[in-house]
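Chemist: from the sequence below, what's the structure:
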Amino acid sequence: MADSYIQELIAERIGGNQFGKSTVLYKFEKIKRAKNEAIKKFPDMEIIDMGVGEPDAMADNGVVETLNIEARKWENRNYADNGIDEFKEVAANYMEKVFNVSGIDGASEVVHAIGSKPALAMMAQAFINPGDVTIMTVPGYPIMGTMTSWLGGEVYNLELLGENNFLPDIDSIPEDVLKRAKLLYLNYPNNPTGASATKEFFEKVVKFAKENDIIVVHDAAYAALAFEGNKPFSFLSIEGAKEVGVEIHSLSKAFNMTGWRMAFVVGNELVVKAFAAVKDNNDSGQFKAIQKASMYALENPEITEKTALKYSRRHTMLVDVLNKIGFKAKKPKGSFYLYVAIPKGTKDGVTFDSAEDFSQFLIKEKLISTVPWDDAGAYVRFSVTFLADGEEEEKKVIDEIYRRLSDLNLVF
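Modeler: As a prediction, this is how the structure comes out:
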């Protein structure tokens, strides 16, 4: 079919007159196709999906029941705009109760978002002009960087390397970049590495931001999922942090509420206000009944604690199995991700030149789905959100992973 005039009108930022014509397959599409191929090849073998970064459980019954009740109320039917006051106050209390961050003014220092993904996109809209720089980390979640580019800004990437405990080397940023930088994006516990930030690192970040007039945006999507005595840790708990930035908290991972689309931005009053102004021109707020149900979740952090125990248990088993096979896996302090360097190949002569090679091999030959990362070394990400009902089922899944992988005779 011939191109219509509409093809010439598509914005350059998403491809312009070449939009929809690319034959390049992106990472997750390749994974999807490999899964379909493997299912056809091994119809009697079940896929073990450790690639999906999404909780395997339903939201807590109390959250669901609160939604049921609140959705029936006449007063919750209309636009929520930038959020109901009650949610803001509960979010402020949650920050103090769970993260020991006191002094948050719910009225002026908290605003809800319809998930952290749009929050990150809108944060760039609030601050980036053409030529401005957003400092991002790779591997990582690219949304704020993508929007920065769309706005005519530039992205400067900092690699997350094992030798730095997967913390970015902010001292390596060139002076000319610092002069134009407005935003620094961080995410800890980190996706995909599972690494956690230290108090000392965040103290350094606060000092760095003040010296260079940079706003810190900390994506704390996994911050509440802490293991083995490690307490949930917030960037805003660092002295001076609220002077330089904000934190984005999501209910998706901590409360098994991915599809509910609920998050909040908290911290510096002016950053929150600027974000809220952009948000007000992008959406009309999340359904009030969902905000009320989210309040129930935030008031019951034991929901997250129970989930964290499950992920911790699964991590322990998975790390043990992978290390028996020859990987050098280390249990993270939080999140549901395990990030491991790939093997060189197999004793049978198969070689892996990239993480994508290895990930595709695992799917097609062993029906184990992972996510490859080749941004800063060759690693694959395992997610412990695989489907399993109870500890016995979890053990069966882990045992099956060991059985399938031990047959490969991997070379490291």
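Chemist: hey, which helix is longest across this protein?
Modeler: helix 302-325 (DSSP state H).
Chemist: other SSEs contacting that one?
Modeler: Helix 302-325 is packed against helix 251-254, strand 337-341, helix 391-406, with contacts defined by 3 or more C-beta pairs under 8 Å, 6 or more residues apart in numbering; DSSP states H and E. C-betas here are computed from N, CA, C, even on glycine.
Chemist: now tabulate those in JSON lines and tack on distance to Ile368 and mean neighbour count.
Modeler: Listed next are the helices and strands packed on helix 302-325 as JSON lines, based on distance: least, C-beta to C-beta, whole Å; neighbours: other C-beta atoms under 10 Å:
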{"stretch": "helix 251-254", "distance to Ile368": "22", "mean neighbour count": "26"}
{"stretch": "strand 337-341", "distance to Ile368": "13", "mean neighbour count": "22"}
{"stretch": "helix 391-406", "distance to Ile368": "6", "mean neighbour count": "15"}
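Chemist: closest one to Lys292 among those?
Modeler: Minimum separation from Lys292 across the helices and strands packed on helix 302-325 (C-beta to C-beta) falls at helix 251-254, 12.6 Å.
Chemist: got the CA coordinates for that closest one in CSV?
Modeler: Written as CSV, here are the backbone C-alpha positions of helix 251-254 (Å, rounded to 0.1, in the frame of the first residue of the first chain):
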residue,chain,number,x,y,z
LEU,A,251,2.8,0.6,44.7
SER,A,252,3.3,-1.8,41.7
LYS,A,253,6.2,-3.9,43.1
ALA,A,254,5.9,-3.4,46.8
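Chemist: quick one: distance of it to the chain centre.
Modeler: Here the centre of mass of C-alpha atoms in helix 251-254, compared against the chain's by C-alpha atoms, centre = their mean, to the nearest Å, lies 10 Å away.
Chemist: show me what that helix is packed against.
Modeler: So helix 251-254, by 3+ C-beta pairs under 8 Å, 6+ apart, packs with helix 288-298, helix 302-325.
Chemist: pick the most buried one from those helices.
Modeler: Among these, judged by mean count of other C-beta atoms under 10 Å, the one packed with the most neighbours on average is helix 288-298 (a mean of 24).
Chemist: residue ranges with poor pLDDT in this structure?
Modeler: For the chain, the stretches flagged by pLDDT under 70 are 1-2.
Chemist: domain assignment for it?
Modeler: Listed by the TED database, the domain ranges of the chain are 5-58+303-411, 61-300.
Chemist: would you tell me which one of the ones you listed is buried the most?
Modeler: Highest mean neighbour count among the domains of the chain (mean count of other C-beta under 10 Å): domain 61-300, with a mean of 19.
Chemist: next, the distance between the ends of that one.
Modeler: Distance across domain 61-300, first residue to last, is 12 Å (C-alpha to C-alpha, to the nearest Å).
Chemist: contacts only, for Glu394.
Modeler: 313-314, 317, 388 (C-beta atoms under 8 Å, 6 or more residues apart in numbering).
Chemist: ok, for Val271, nearest residue in space, not its chain neighbours?
Modeler: Val246 (4.8 Å; C-beta to C-beta, 6 or more residues apart in numbering).
Chemist: beta partners of the one you found?
Modeler: Val217, Gly267 (DSSP bridges).
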